[in-house]
Structure formats: structure tokens, C-alpha cells
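1. Sequence isn't available, so here's the structure alone:
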């Protein structure tokens, strides 16, 4: 039982370690740098093509192509959250105890040991000295709280007592940012949608994988338009989108580059455009018999090839293949067999590669339609991250520009001269406080018209 207790205590101590904070932050920073340098959203095939088989495999194993969704990166974020929470829980009770502490007794001998200290003498009655000191200190610094003192007056004034909690505000704001990053990593997504003008889509092709994700609504491209410069480069492209729920249009809005549409936490950006195939008229000629069959093939819909056990489908389309113009990826399908396919050049009918099994294939005609390429992004943790950054800025401001400052006053009751001992301390910004302390002393001397005694700073 004692060994178990020792293990958990050691584990708790490690979680509260500043060393763990530094190491975790360093690894997260290095990982974020790698994620900035390496393009994100790359599949394993793209990594292998870009960086070679060996490095591509290693990078895919470490998920460097999709770093912010990698399990090890999420673990580091969670570990840093736990580290900050444990550090706070361990140190906060001591800080709260310091905040609640109140001096019960003031002695001039102890005050003389402070770095900011002054001893004065006055011939005024004690009641008047005390009244003037309390009024001035309350006006210039903070109200004085009287404490016990034998045959004398003693008081304590303090300001910024709660400023010692500013470091925990920093901890809390960083935790909020990390939680926002975790929520975005685990519940958010990023992908693409290609929607033909006039069509509707509701599935997103996730970046960095071959998976699709259904949206809780549908997106329709009502109209797509693109304008060009004289050089032929695209000047502007715009999509008029409609969001539909249960078949009803709930929002309509045009989007352009850097002018997205957001709905229910999902944002659509104008990212690309292109042309896709609608249908094609294709001739299949048997090379042995010379028999020709002409088919009308809708894009990605199989059609039976008469007199054969095959079906034909246009499974892919490219606008320009190796500067030879548009090409159709056509496949022969037969139940129980692997599909057989080939690229067929649409504008080069006599190309020797326009063959598929025992058929010579010729594209007689084809119809294209423009599609809009939408980047789709959802990050439900973004508001947590933004809130955390605002809190972080505020808490850093409190940390740098506030401090705990304390002032002690002791006035003797001895006649005819009254001894006045004044001491002060601060937990930060000592040089600025020294000027404030000197200013306060000068005001007290002018107010009380006292004789200056010894000074120690």
C-alpha cells in the first residue's frame, strides 16, 4: 500500500514539474514549426511522391502530413493541460493563504530591516499625527488597517493583494487555448467539395484521406462565373450558393476568394474551379469483326454494352492529359471480374492508345459543365482559442502592470517628540515603487512638518 502511495505521489510530482512544462512546450513548438514547413493535408501517396519512399513512409507514420490531427500531438496538448492544472492546484493554496494573511502586530525593530524604510520625528500630538497620516496614505496609497501595538499606534495598508493571482490567470488562459485546440483537432474537419453548376452536394472529401463526411445540410451551386485578365490568368471567380435543409433554402449568398460563407459552424471558401464531364457519345468497334456500337454514356453511370456481358462506365475525366487535350477514363465492368480500363483521348481519335480490351474506342462528342471547388472547414474550438487569447492578453497585462504593495506605519506615544517609522515592500517593479515611496515620504514630511531622522533604503 505504501509503494502504491509512493508511486502516485511521484507521478503527481512529475506532472507538477516545471521541467515537464518546458519539455512539452518545446516539443509542441517544434511540431508546430514542422507543421508550418510541411504542407498539411497530404495523403501517404502524396508524401511518398514529394519526399521519396523512405521519408514519405516515416512522415506518414508520424502523421506529419496532418500533424494537428495526429494522436501524439493531441496527447502533448492534453499533457500540457494536465501539467498546468496540477501546477496550479499545488501552488494556489499557498498563494491564497498569503492573500488572506493579515498582520496582527507591528514592531519598529522589524520595520527597520526593510529595504524601503524611513524614521521621522514630530512634535504634533499623536492623535493629529495619526489622523494626518491616515488621510494622506488613504489618498495616495490605500486605507490603513489598525493593528495591535503596545503603547503606540500601528497600521498596515496594502494594494494589489489579488495581483498575485495573475499568474494563475495566465495558466487558465493557456488551458482554454489548449482545450480549444484539442476540440478543433478532435471534432473539426477540413476538406473539399466540387459541385457542378446547378447541382447539389452534401458530402465533404476530407483532406489527407480518402474518407468523406456527410454534412447535416445540402449545398447547391446556383451559378458559377469566372473572369480573366488579358493574359488568360483568372481575375475573379464567384459561386452563388444556397444552403438547403429538408429541401428548403435557408440561406443564399455569393462567395469569392477571401469572402466565405459560414453556416452552423461550417465555413465554405472559394478555392478552385474547373470543368467536369456530363455525358459523352462513344463508339466501340470490335477489332476482329469491325462491328461498331455507339453508346451515350452519362458520367459515372454504367451502361450495358449490347450483345456482351459487359457494362461500360466513364469513371474519370481530365481536362488536359500531357498537353493532348481532354481524356475520358473508360472502364469495362463484368460481374465477378476486376474492372478493365483505359484513358481515351477525346480530341485525338486516331491515337493508338484509344483501345480497351478487343475494342477500338472513339469519342464522338462530349458535354462539359463547370464546377466550383469549395474548401470546407469546421473548427468548433475556434471560439475557445480566441477567448483564451483575449484572456491571455489581459492576464499578461495584469502580470506586468500590477503588483502587491504593502506599507507599515508605527507612531510612538512618547512626548514631546513622536517617533514615526514607515516601511514598505513590493513583490515586483521595485524601482518604480521606490519612486512612489519617496514621493509619499515627501508628502508626509510636508504634511506633518516633521524633523527628518535617519533613513535606510
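-> Yep, that arrived. From a predicted model like this one, the values you see are computed outputs, not experimental measurements.
2. only C-alpha atoms for contact and neighbour calcs from this point on.
-> Fine.
3. got a list of contacts for the helix or strand that contains residue 21?
-> Assigned by DSSP states H and E, residue 21 belongs to helix 18-37. Around helix 18-37, the neighbours that count as contacts under Cα atoms under 8 Å, 6 or more residues apart in numbering are 14, 64-68, 73, 76-77, 79-80, 83-84.
4. after it comes which helix or strand?
-> Using DSSP H and E, the first helix or strand after helix 18-37 is helix 44-51.
5. got the buried residues for that next one?
-> Residues 44, 47, 48 are the ones in helix 44-51 that count as buried (16 or more other Cα atoms under 10 Å).
6. Need the mean per-residue confidence for the helix holding residue 21.
-> Averaged across helix 18-37, pLDDT comes to 88.
7. Report the buried residues of that helix.
-> 21, 24, 28, 31, 35.
8. try stretch 392-403
-> 392, 395, 396, 398, 399, 402, 403.
9. Report the distance from the helix or strand hosting the fifth one to the chain centre.
-> Under the criterion DSSP H and E, the helix or strand holding residue 399 is helix 382-401. Using Cα atoms, centre = their mean, to the nearest Å, we find the averaged C-alpha position of helix 382-401 to lie 13 Å away from the chain's own average C-alpha position.
10. helices and strands around that helix, which ones?
-> helix 166-187 (3 or more Cα pairs under 8 Å, 6 or more residues apart in numbering; DSSP states H and E).
11. List the buried residues for the helix it packs on?
-> Here helix 166-187 shows 166-186 as buried, counting by 16+ other Cα under 10 Å.
12. what's downstream of that helix, the next helix or strand?
-> Following helix 166-187 toward the C-terminus (DSSP H and E): strand 189-196.
13. what does the average pLDDT come to for that following strand?
-> Strand 189-196 comes out at a mean pLDDT of 90.
14. Neighbouring strands of it in the sheet, and parallel or not?
-> strand 200-206 (antiparallel), strand 359-378 (antiparallel) (DSSP bridges).
15. and residue 420, what element?
-> Element membership of residue 420, judged by DSSP H and E, is strand 418-426.
16. Next: residue 220.
-> Counting by DSSP H and E, residue 220 is part of strand 212-228.
17. go on, residue 198?
-> Using DSSP H and E, residue 198 falls outside every helix and strand.
18. and what of residue 282?
-> strand 266-286.
19. same question for the strand holding residue 220, mean pLDDT?
-> In the prediction, strand 212-228 has an average pLDDT of 90.
20. got it, and stretch 163-179?
-> Rounded mean pLDDT across stretch 163-179 is 92.
21. now what about it, what contacts it?
-> Under Cα under 8 Å, 6+ apart, the answer for stretch 163-179 is 77-78, 81, 84-85, 88, 92, 95, 99, 381, 384-389, 391-392, 395-396, 398-399, 402-404.
22. same question, stretch 298-316
-> Against stretch 298-316 from outside (Cα under 8 Å, 6+ apart): 277-280, 293, 295, 297, 328-334.
23. buried residues in it?
-> For stretch 298-316, by 16+ other Cα under 10 Å, it's 298-300, 302-303, 305, 310-316.
24. if we take those residues, which one ends up nearest to residue 160?
-> Nearest to residue 160 out of these is residue 316 (Cα to Cα; 69.7 Å).
25. Which secondary structure state does the closest one sit in?
-> strand (DSSP: H, G, I helix; E, B strand; the rest coil).
26. how about low-confidence regions in the stretch 1-150 of the chain?
-> Where the stretch 1-150 of the chain drops to pLDDT under 70, the residues are 1-5.
27. rerun at 90
-> Within the stretch 1-150 of the chain, the stretches with pLDDT under 90 are 1-21, 25, 28-29, 31-71, 89-90, 103-109, 115, 120-127, 129, 148-150.
28. so where do the helices sit in it?
-> For the stretch 1-150 of the chain, applying DSSP state H, counting those that start in this stretch gives helices covering 2-15, 18-37, 44-51, 53-61, 71-100, 108-111, 126-140.
29. could I get those helices as JSON lines with distance to residue 211?
-> Shown next, in JSON lines, are the helices of the stretch 1-150 of the chain (distance: least, Cα to Cα, whole Å):
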{"stretch": "helix 2-15", "distance to residue 211": "37"}
{"stretch": "helix 18-37", "distance to residue 211": "22"}
{"stretch": "helix 44-51", "distance to residue 211": "13"}
{"stretch": "helix 53-61", "distance to residue 211": "16"}
{"stretch": "helix 71-100", "distance to residue 211": "18"}
{"stretch": "helix 108-111", "distance to residue 211": "72"}
{"stretch": "helix 126-140", "distance to residue 211": "67"}
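30. For residue 344, find the nearest of these.
-> Of the helices of the stretch 1-150 of the chain, nearest to residue 344 by Cα to Cα is helix 44-51, at 24.6 Å.
31. Which strands and helices lie in contact with that closest one?
-> By 3+ Cα pairs under 8 Å, 6+ apart, helix 44-51 packs against helix 53-61.
32. I'd like to check what contacts stretch 208-217. Which residues are they?
-> 40-44, 65-66, 202-206, 243-246.
33. who wins for most neighbours among those residues?
-> residue 65 (25 neighbours; other Cα atoms under 10 Å).
34. what residues are up against that residue?
-> Residues near residue 65 by Cα under 8 Å, 6+ apart: 35, 38, 39, 40, 41, 42, 43, 47, 59, 208.
35. how many neighbours does the last one have?
-> It stands for residue 208. 19.
36. Provide the secondary structure category for it.
-> With three-state DSSP as the criterion, residue 208 reads coil.
37. From residue 267, how far out is it?
-> When distance is defined by Cα to Cα, to the nearest Å, residue 208 is 18 Å away from residue 267.
38. still on that earlier bit, would TSV of the contacts of residue 65 with distance to residue 418 be doable?
-> What follows is the contacts of residue 65, written out as TSV (distance: Cα to Cα, whole Å):
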residue	distance to residue 418
35	70
38	75
39	76
40	76
41	78
42	81
43	84
47	84
59	79
208	81
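39. now, among the residues you listed, which is nearest to residue 355?
-> Checking the contacts of residue 65 one by one against residue 355 (Cα to Cα), the nearest turns out to be residue 43, at 31.4 Å.
40. Grab the nearest non-local neighbour of that closest one.
-> With Cα to Cα, 6 or more residues apart in numbering as the criterion, residue 43 has its nearest non-adjacent residue at 4.4 Å, and that residue is residue 208.
41. How about residue 355?
-> Nearest to residue 355 is residue 361, by Cα to Cα, 6+ apart, at 5.5 Å.
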